[in-house]
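K.L.:
Turn this into a structure:
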Amino acid sequence: MRRANTRFYRRPRAGTKPAPPEGAIAAAPAVLTVVGARPQFVKAAPLSRALRRRVREVLVHTGQHYDPDMSQSFFDELDIPAPDRHLGIGSGSHGRMTGRMLEALEEAMREERPDLVLVLGDTNSTLAGALAAAKLGIPVAHVEAGLRSFQAGMPEEINRRLTDHLAQLLFCPTPTAVANLRAEGITRGVHRVGDVMMDAVRQNLARARRRIRGAGDPQPRSYYLATVHRQENVDDPARLAAILGALQALPHPTLLPVHPRTRKAIRRLRLRPGGNLRLRPPATYLEMLMLESGARAVLTDSGGVQKEAYILGTPCVTLRASTEWVETLEGGANRLAGPDPARIHRAIRAIERSRPRWSPGRVYGRGRAAEAVARVVSAFLARRARSRVKRGGR
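P.N.:
I've put the predicted structure just below:
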């Protein structure tokens, strides 16, 4: 059995590979990439650029996130190619949303006939893309494979586990992710490439810091930044009220860019956040990088925001009982508090009393994960093509 490739990939000696001629791409293998939610758009920006230098990419947007602030703004700001197909699925229950995605993605795959389907992260779009491809006998590649929070009932945990067991190529961001897969008996097709979100931060941080500050932009280190969107926190009235109550009682202003799901819950429950809590519209990616890098601390239930805070050197308090990004917990860079106001305040006091210092080093790679993914995908498809030629010549 082939062992997992757990070493980081090195930059090609000749430098960045130039984009092939248009005719070469037309004849190249086709990769259908499925996106649908904000964190997938961030990852798609570096991935699409790297993939399109080697293969023909078909970008499919499921429409899981459809609010312009949560979707189109990312395509515009990060220069992501316009989707080749937009399925327009929209919101709904997990079963209804995933079922509609599965049906629409199966039709798209039958028409596009891709050589490989690439899915990212742990959303319903991820699972629907992987399942549709597997049912049609199309190889699946999973970016951000091997992450585990070990909370069996968490929708994201269900999605990522099932996707990993359907995938032929599993792109892991960390050694912990590789070990998690090994513990589940998955060793074939595993590649440790680093984290594509590290690529995105490195490629865009300077742009974020060059943004012209608006009149409403806060001064650095004058505020906390919070995000709340997970089902476990937003759909439970008591948990949401407890979290918002804790945030409004913090010693400095707390900025909360409000996710559409959270906004609906606040209105439905007739909550009236006040105190030091400042509600804001959803932030673009560059705005979010600027806010994260300038905050005294970040409080979040988002895995991606935890990781960005770690990369940027900003202390984090996680509003969940566990995290799949366990590397961020070392040295006090990230603290688990769940929805408990007492634990949230205790974590903030500890940060203010003795601010943790750390260096992200190469925990999440060197900012070249997208290129590594593209190289492995290209080599995998080339091997399959050669195998088909040999079988045809017999």
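
K.L.:
ranges for the helices of the stretch 51-200 of the chain?
P.N.:
72-77, 94-112, 124-135, 155-166, 175-183, 196-210 (DSSP state H, counting those that start in this stretch).

K.L.:
beta partners for residue 60?
P.N.:
Here residue 60 sits in beta bridges with residue 34, residue 85, as judged by DSSP bridges.

K.L.:
Isn't it up against residue 101?
P.N.:
No: assessed by Cβ atoms under 8 Å, residue 60 is found out of contact with residue 101, at 9.9 Å. For every residue, glycine as well, the C-beta is placed using N, CA and C.

K.L.:
Find residues that contact each of the two.
P.N.:
Residues touching both residue 60 and residue 101 (Cβ atoms under 8 Å, 6 or more residues apart in numbering): 87, 129.

K.L.:
hmm, back to that, can I get the helices of the stretch 51-200 of the chain in JSON lines including distance to residue 336, mean neighbour count and mean pLDDT?
P.N.:
Listed next are those as JSON lines, based on distance: least, Cβ to Cβ, whole Å; neighbours: other Cβ atoms under 10 Å; pLDDT from 0 to 100:
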{"stretch": "helix 72-77", "distance to residue 336": "28", "mean neighbour count": "18", "mean pLDDT": "87"}
{"stretch": "helix 94-112", "distance to residue 336": "25", "mean neighbour count": "17", "mean pLDDT": "94"}
{"stretch": "helix 124-135", "distance to residue 336": "24", "mean neighbour count": "25", "mean pLDDT": "97"}
{"stretch": "helix 155-166", "distance to residue 336": "16", "mean neighbour count": "20", "mean pLDDT": "97"}
{"stretch": "helix 175-183", "distance to residue 336": "16", "mean neighbour count": "18", "mean pLDDT": "98"}
{"stretch": "helix 196-210", "distance to residue 336": "20", "mean neighbour count": "19", "mean pLDDT": "93"}
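
K.L.:
Tabulate those helices in TSV, adding columns for distance to residue 247.
P.N.:
Shown next, in TSV, are the helices of the stretch 51-200 of the chain (distance: least, Cβ to Cβ, whole Å):
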stretch	distance to residue 247
helix 72-77	24
helix 94-112	27
helix 124-135	27
helix 155-166	22
helix 175-183	30
helix 196-210	24
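
K.L.:
Figure out which of the ones you listed is closest to residue 272.
P.N.:
helix 72-77 (27.8 Å; Cβ to Cβ).

K.L.:
So which elements touch that closest one?
P.N.:
helix 38-51, helix 285-294 (3 or more Cβ pairs under 8 Å, 6 or more residues apart in numbering; DSSP states H and E).

K.L.:
Show me which helix runs longest in the protein.
P.N.:
The longest helix of the chain (DSSP state H) is helix 369-392.

K.L.:
Which positions in it come out as buried?
P.N.:
Using 16 or more other Cβ atoms under 10 Å as the test for burial, helix 369-392 gives 369-378, 380-381.

K.L.:
which of these lies closest to residue 136?
P.N.:
Nearest to residue 136 among the buried residues of helix 369-392: residue 381, at 16.4 Å, using Cβ to Cβ.

K.L.:
Could you tell me which residues make contact with that closest one?
P.N.:
Contacts of residue 381 (Cβ under 8 Å, 6+ apart): 29, 31, 55, 115-116.

K.L.:
and if we set it to 7 Å?
P.N.:
29, 55, 115-116 (Cβ atoms under 7 Å, 6 or more residues apart in numbering).

K.L.:
Please apply the same query to residue 147.
P.N.:
Counted by Cβ under 7 Å, 6+ apart, residue 147 has contacts 160, 177, 324.

K.L.:
Do you know the pLDDT at residue 387?
P.N.:
Note for residue 387: predicted pLDDT of 86.

K.L.:
Against residue 298, how distant is it?
P.N.:
Counting by Cβ to Cβ, to the nearest Å, the separation of residue 387 from residue 298 is 47 Å.

K.L.:
How is the chain divided into domains?
P.N.:
Annotated domains of the chain cover 22-195+365-392, 204-353 [automatic domain parsing].

K.L.:
Deepest-packed of the ones you listed, please.
P.N.:
domain 22-195+365-392 (a mean of 20; mean count of other Cβ atoms under 10 Å).

K.L.:
where does the protein dip in pLDDT?
P.N.:
1-26, 65-70, 212, 214-215, 393-394 (pLDDT under 70).

K.L.:
most centrally placed residue in it?
P.N.:
residue 39 (3.8 Å; Cα atoms, centre = their mean).

K.L.:
and that one, how far is that from residue 321?
P.N.:
21 Å.

K.L.:
How about residue 183?
P.N.:
Taking Cβ to Cβ, one finds residue 183 at 21 Å from residue 321.

K.L.:
can you give me the offset of stretch 186-205 from its chain's centre?
P.N.:
10 Å (Cα atoms, centre = their mean, to the nearest Å).

K.L.:
Kindly check the end-to-end length of that stretch for me.
P.N.:
35 Å (Cα to Cα, to the nearest Å).

K.L.:
Ok, stretch 79-90 next?
P.N.:
Distance across stretch 79-90, first residue to last, is 23 Å (Cα to Cα).

K.L.:
residues making contact with it?
P.N.:
41, 44-45, 48, 58-64, 66, 74-75, 97, 100-101, 104, 108.

K.L.:
what do you get for stretch 307-315?
P.N.:
By Cβ under 7 Å, 6+ apart, stretch 307-315 touches 197-198, 201, 292-293, 295, 297-298, 316, 325, 328, 333-334, 351, 355-356, 360, 364.

K.L.:
got the contacts of residue 147 as CSV, with distance to residue 129 columns?
P.N.:
Shown next, in CSV, are these (distance: Cβ to Cβ, whole Å):
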residue, distance to residue 129
160, 13
177, 19
324, 20
